[in-house]
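Engineer: Make a model of this:
(one chain, ligands or ions: 1)
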Amino acid sequence: MATGGAAADLEDVQTVDLMSELLRRLKCSQKPDKRLIFIGPPGSGKGTQSPVVKDEYCLCHLSTGDMLRAAVASKTPLGVKAKEAMEKGELVSDDLVVGIIDEAMNKPKCQKGFILDGFPRTVTQAEKLDEMLKRRGTEIDKVLNFAIDDAILEERITGRWIHPSSGRSYHTKFAPPKTPGVDDMITLMF
Ligand SMILES: Nc1ncnc2c1ncn2[C@@H]1O[C@H](COP(=O)(O)OP(=O)(O)O)[C@@H](O)[C@H]1O
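Structural biologist: Residues are numbered from 1 along each chain as shown. Model prediction:
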């Protein structure tokens with residue numbers, strides 16, 4: 001399905017990037033398919049573990065929260081519809097969320113499977129997920145519940161610092177920035 005445009009784009013890609021992507025795909029072709037659901041409150045470690053598991057098993061990480069925030073930021077039609085509910089701290093409609101997950105699952109990066117993060121969040125979403133998987137002739141392999149003590153969660157969340165423009169997160173005790181209150185990359189650059 002490569003188009004003329006896509007082929008031209010590849011010519012612009014550095015050889016070293018192209019080779020490492022080829023090697024990655026070769027390695028990935030030997031991995032078993034995996035379809036996972038991660039469940040856990042903010043601070044439970046989903047955000048830390050997801051990229052590790054994703055890279056190891058060549059999966060895509062489908063975080064509905066991240067996808068919705070990106071849609072809102074880039075003002076796509078989906079983002080415009082989701083914005084109001086998100087700002088009020090309410091759930092976005094099941095149809096919208098199911099739509100973005102269904103579309104994302106068709107992407108090549110989800111070919112080996114996926115990590116669902118923040119989805120399903122309602123019974124309707126869970127039923128729709130069942131339908132989607134049935135249609136694709138697949139199943140969920142594992143659901144991982146990041147069970148964690150409330151006291152630990154509180155310590156992690158209250159000590160968290162987020163650099164808004166990059167999304168990099170720090171912790172006053174566990175992962176402090178080099179200079180208090182300053183993002184490390186900025187410290188490095190100046
Ligand atoms: N599965 C979902 N169904 C409906 N709304 C969702 C779903 N996932 C995320 N959202 C919307 O995105 C917001 C942010 O989600 P998320 O990043 O998971 O963070 P939080 O832990 O603050 O809920 C939610 O408050 C909700 O409005």
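Engineer: tell me which element the closest residue to D102 other than its chain neighbours falls in.
Structural biologist: Once flanking residues are discounted, D102 sits nearest to M132: 5.6 Å by C-beta to C-beta, 6 or more residues apart in numbering. Backbone N, C-alpha and C define where each C-beta goes, glycine included. M132 belongs to helix 123-136 when assigned by DSSP states H and E.
Engineer: Please work out which residues outside that helix touch it.
Structural biologist: The list of residues contacting helix 123-136 from outside it, by C-beta atoms under 8 Å, 6 or more residues apart in numbering, reads 35, 94, 97-98, 101-102, 105, 116, 119-120, 139-140.
Engineer: then that helix to PDB, C-alphas only?
Structural biologist: Extracted C-alpha coordinates of helix 123-136, given in PDB (Å, rounded to 0.1, in the frame of the first residue of the first chain):
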ATOM      1  CA  VAL A 123     -19.400  -1.700  31.000                       C
ATOM      2  CA  THR A 124     -20.500  -0.500  27.500                       C
ATOM      3  CA  GLN A 125     -16.800   0.100  26.600                       C
ATOM      4  CA  ALA A 126     -16.000  -3.400  27.800                       C
ATOM      5  CA  GLU A 127     -18.800  -4.900  25.700                       C
ATOM      6  CA  LYS A 128     -17.700  -2.900  22.600                       C
ATOM      7  CA  LEU A 129     -14.100  -4.100  23.200                       C
ATOM      8  CA  ASP A 130     -15.400  -7.700  23.200                       C
ATOM      9  CA  GLU A 131     -17.100  -7.100  19.900                       C
ATOM     10  CA  MET A 132     -14.000  -5.500  18.400                       C
ATOM     11  CA  LEU A 133     -11.800  -8.400  19.400                       C
ATOM     12  CA  LYS A 134     -14.400 -11.000  18.100                       C
ATOM     13  CA  ARG A 135     -14.500  -9.200  14.800                       C
ATOM     14  CA  ARG A 136     -10.700  -9.400  14.600                       C
END
